[in-house]
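Visitor: Show me the folded form of this:
(2 chains)
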Amino acid sequence: MKMMNCKDATRLMSERYERTLSLRERLSLKVHTAMCKGCSNYGQHLDVLRLAAKRLREG
Amino acid sequence: MTTASAQAAIPPWDDASITAIRRDMLRFARMHLRDSGAAEDMVQEALMAAMTSAKRFAGRSAFKTWMFAILRHKIVDHIRASSREICGSDLAGSSEMDAGLEEFDVLFKRGGHWNPEDRPSTWSDPEASFEQDAFWTVFDICMNNLPEHIARVYTMRELLELETAEICAALGITSNNCFVILHRARLGLRVCLESRWFQGEAR
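Guide: Modelled structure (predicted):
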């Protein structure tokens, strides 16, 4: 399996909010983020953006 | 909370707290509509709806949250109506909607891995930031920094909670295009918040 790069990982981290990722995509992403602190942080930041949107919806 | 105690929790409509909620609602509406006139109209309609249906407020959420829920429904209705009026085909055909992620290529090296200086850092206690007015001012700035069509799709998805399929139908774009636009919005917002807030520049 080709190693995922950070550019692909950030795209998939965004798309997982919009569609169900395939098993292969989920596995690749899991392996990549376990090995990449930058992408691990990126995933957490997207969760923060989601939470911020929730707070905005609540006023 | 009983309905009676919920009703008692509603402040008088001329109370200062209602004025403050109205101001926040206006800010929220402007973020979505980018048209002050339409934003004012939506807030007025939401206030009217709240006044006429106040007897149905059951206290299951905070009063302000209930008011915002009414406003969100008004904005969604407005966007649905205006999406039918604006030329969706024009949007779909525009080079802006078709634009890819080239402007973010600079974040990555040739092999697609982060440039060391652009690699996302750890954000300390983001939830504490939500309690600070200054954070929301920065968030506003970052939203306004996004190109209008990207901000529009992002707010439809994240703040109005429309499904991707409905956004695609309303704007006449493909789901792949929608995914790319949302990805661009998140990339842009993240970079902006990191540089303007979480790296300490705004504190």
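Visitor: Would you map the helices across chain B?
Guide: B:3-8, B:16-33, B:36-52, B:63-85, B:88-93, B:95-98, B:126-129, B:133-145, B:148-154, B:164-171, B:175-193 (DSSP state H).
Visitor: Could you find the closest non-adjacent residue to whichever residue of chain A sits closest to chain B?
Guide: Proximity of chain A to chain B (C-beta to the nearest C-beta) peaks at A:Asn5, 3.1 Å away. All C-beta spots, glycine's among them, are computed from the backbone N, C-alpha and C. Closest residue to A:Asn5 apart from its sequence neighbours, by C-beta to C-beta, 6 or more residues apart in numbering or on different chains: B:Gly112 at 3.1 Å.
Visitor: what's the distance between that neighbour and A:Cys39?
Guide: Between B:Gly112 and A:Cys39 the distance is 11 Å, computed by C-beta to C-beta, to the nearest Å.
Visitor: any idea of the pLDDT on the nearest residue to B:Arg30 once chain neighbours are set aside?
Guide: Leaving out its chain neighbours, the residue that sits closest to B:Arg30 by C-beta to C-beta, 6+ apart is B:Ala39, at 4.5 Å. We note a pLDDT of 89 for B:Ala39 in this prediction.
Visitor: residues near B:Ala39, how many?
Guide: Residue neighbour count, defined by other C-beta atoms under 10 Å in any protein chain shown, stands at 22 for B:Ala39.
Visitor: just the one 10 residues further on next, same as before
Guide: A total of 15 residues lie near B:Ala49 under the criterion other C-beta under 10 Å.
Visitor: so it sits right up against B:Lys74, yeah?
Guide: Yes. Assessed by C-beta atoms under 8 Å, B:Ala49 is found in contact with B:Lys74 at 7.2 Å.
Visitor: By mean pLDDT, which helix or strand of chain B comes out lowest?
Guide: In chain B, no helix or strand scores lower on mean pLDDT, DSSP states H and E than helix B:88-93, which sits at a mean of 41.
Visitor: residues contacting B:Glu194?
Guide: A:45, B:120-121, B:123 (C-beta atoms under 8 Å, 6 or more residues apart in numbering or on different chains).
Visitor: Give the PyMOL command for selecting the buried subset of those residues.
Guide: Buried residues among those (16 or more other C-beta atoms under 10 Å in any protein chain shown), as a PyMOL selection:
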select buried, (chain A and resi 45) or (chain B and resi 120+123)
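Visitor: Of B:Gly112 and A:Cys39, which one has the most company?
Guide: More crowded of B:Gly112 and A:Cys39, by other C-beta under 10 Å: A:Cys39, with 26 against 15.
Visitor: hey, where'd the helices end up in chain A?
Guide: A:6-15, A:23-35, A:37-57.
Visitor: Please report the distance of the residue nearest to A:Asn5 from B:Pro126.
Guide: Going from B:Gly112 to B:Pro126 by C-beta to C-beta gives 27 Å.
Visitor: Isn't the residue of chain A closest to chain B up against B:Gly111?
Guide: Yes. Using C-beta under 8 Å, A:Asn5 is in contact with B:Gly111, at 5.9 Å.
Visitor: Compare the two and say which is more crowded by neighbours.
Guide: Each of A:Asn5 and B:Gly111 has its neighbours counted (other C-beta under 10 Å); A:Asn5 has more, 18 against 9.
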